[in-house]
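S.K.: using only what follows, build the 3D model:
(one chain, ligands or ions: 2)
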Amino acid sequence: MPATTPPSAATVRLEAELVTYLEDFRFDESLLASSQTQAALVRRVRRHPEWTVMERLVRSMLNQHGHVVLQGVPVDNDTAVVALCLLAGSPQPQLTPDGERLFFDVRSLATPYSMSTTADELALHTDTASCTTPDRVLALACRQADPGEGGLSTLLRAGRIRAELERRGGEHVHALESSWFSIRGSVSALRTPLLWRAYGLDCIRWRSDCVTVDPSVEPACRHTAAAALSALREVIESLAPTVYRLQRGDLLLLDNWTILHGRTEFAPTSQRFLRRLRCPPV
Ligand SMILES: O=C(O)CCC(=O)C(=O)O
Ligand SMILES: [Fe+2]
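M.R.: Residues are numbered from 1 along each chain as shown. Ligands and ions are numbered 1, 2, ... in the order given. Purely as a prediction, here's the structure:
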């Protein structure tokens with residue numbers, strides 16, 4: 001029995017008139033990563049009378065819910081997708097099978113490049129968890145939904161995790177806020193706390209398969225750290241996540257510091273196709 005019922009996903013449907021306005025923007029893909037192009041794009045979209053309202057709405061929903069799904073997005077137009085990401089952050093190139101690119105294709109490949117390019121379940125996690133400062137905003141634009149029952153997005157806020165730890169007595173919270181853990185990345189491992197608070201928001205970094213108690217933690221603290229790590233793992237597994245089925249035209253914006261995300265598995269032959277963008281902190 002889950003300790004709390006999950007909230008439903010926070011959604012905003014774009015007004016048709018705003019979509020038409022965005023459809024006219026076509027910057028060259030190779031230019032979209034530059035900060036000058038992004039600044040020019042922001043200047044132009046802000047001429048739309050409702051843009052600043054959208055800006056405020058998206059930011060407040062990210063603060064309140066850790067995510068927002070924009071619906072009715074013209075997802076085949078890269079410029080429109082980048083413009084909508086700019087409501088929350090500034091997308092930067094990331095490593096893809098084709099080198100450093102703004103868009104990472106999340107789809108099942110015969111020869112997977114990473115977990116994202118398999119059809120496997122992705123357990124709840126935060127992206128770039130082993131980086132000193134993880135990316136702040138993550139965007140997933142759905143070009144093609146899974147035609148079957150799979151590929152559902154799962155979401156779990158750090159605030160619900162902390163509340164559940166506290167409901168169970170709270171004795172592990174301090175340990176989880178200590179720099180006693182190690183998250184292995186592709187290049188090196190980072191010694192870090194797993195929970196912290198920033199500007200009144202509950203934050204987390206988490207990759208279940210890559211987190212351990214750091215081997216250099218003093219022996220006196222190792223037992224406390226290990227118990228806290230198992231408690232966190234157990235709480236994450238016990239809470240029912242918000243589940244959302246991305247449809248073509250959805251743009252899921254996530255605050256990668258305050259919410260975990262994942263997906264359920266789908267058929268390897270599925271045409272499910274998302275495009276991922278990442279925004280480092282400003
Ligand atoms: O496929 C998904 O829905 C999520 C993908 C993901 O978490 C990622 O690429 O980081
Ligand atoms: Fe992810």
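S.K.: so where do the strands sit in the stretch 101-250 of the chain?
M.R.: Per DSSP state E, counting those that start in this stretch, the stretch 101-250 of the chain carries strands over the ranges 104-106, 122-125, 137-144, 153-157, 181-184, 189-192, 195-198, 201-204, 211-213, 242-244.
S.K.: what is the mean pLDDT for the fifth one?
M.R.: Confidence over strand 181-184 (mean pLDDT, whole number) is 97.
S.K.: can I have it written out in PDB, keeping just the CAs?
M.R.: The C-alpha trace of strand 181-184 is given here as PDB (Å, rounded to 0.1, in the frame of the first residue of the first chain):
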ATOM      1  CA  PHE A 181      28.000   8.800  -0.900                       C
ATOM      2  CA  SER A 182      29.600   8.100  -4.200                       C
ATOM      3  CA  ILE A 183      27.900   8.300  -7.600                       C
ATOM      4  CA  ARG A 184      29.800   6.600 -10.400                       C
END
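S.K.: now render the strands of the stretch 101-250 of the chain as CSV, adding distance to C279 and mean neighbour count.
M.R.: All C-beta atoms are positioned from the backbone trio N, CA, C, and that covers glycine. CSV is the format used below for the strands of the stretch 101-250 of the chain (distance: least, Cβ to Cβ, whole Å; neighbours: other Cβ atoms under 10 Å):
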stretch, distance to C279, mean neighbour count
strand 104-106, 13, 20
strand 122-125, 17, 18
strand 137-144, 4, 23
strand 153-157, 18, 22
strand 181-184, 20, 20
strand 189-192, 20, 17
strand 195-198, 16, 15
strand 201-204, 16, 21
strand 211-213, 24, 18
strand 242-244, 20, 18
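S.K.: make a markdown table out of these and add distance to C85.
M.R.: Formatted as a markdown table, the strands of the stretch 101-250 of the chain follow (distance: least, Cβ to Cβ, whole Å):
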| stretch | distance to C85 |
| --- | --- |
| strand 104-106 | 13 |
| strand 122-125 | 20 |
| strand 137-144 | 5 |
| strand 153-157 | 17 |
| strand 181-184 | 25 |
| strand 189-192 | 26 |
| strand 195-198 | 21 |
| strand 201-204 | 20 |
| strand 211-213 | 28 |
| strand 242-244 | 18 |
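S.K.: just put these in a markdown table and tack on distance to ligand 1.
M.R.: Shown next, in a markdown table, are those (distance: least, Cβ to the nearest ligand atom, whole Å):
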| stretch | distance to ligand 1 |
| --- | --- |
| strand 104-106 | 5 |
| strand 122-125 | 5 |
| strand 137-144 | 6 |
| strand 153-157 | 5 |
| strand 181-184 | 15 |
| strand 189-192 | 18 |
| strand 195-198 | 20 |
| strand 201-204 | 15 |
| strand 211-213 | 16 |
| strand 242-244 | 10 |
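S.K.: fine by me, we can end here.
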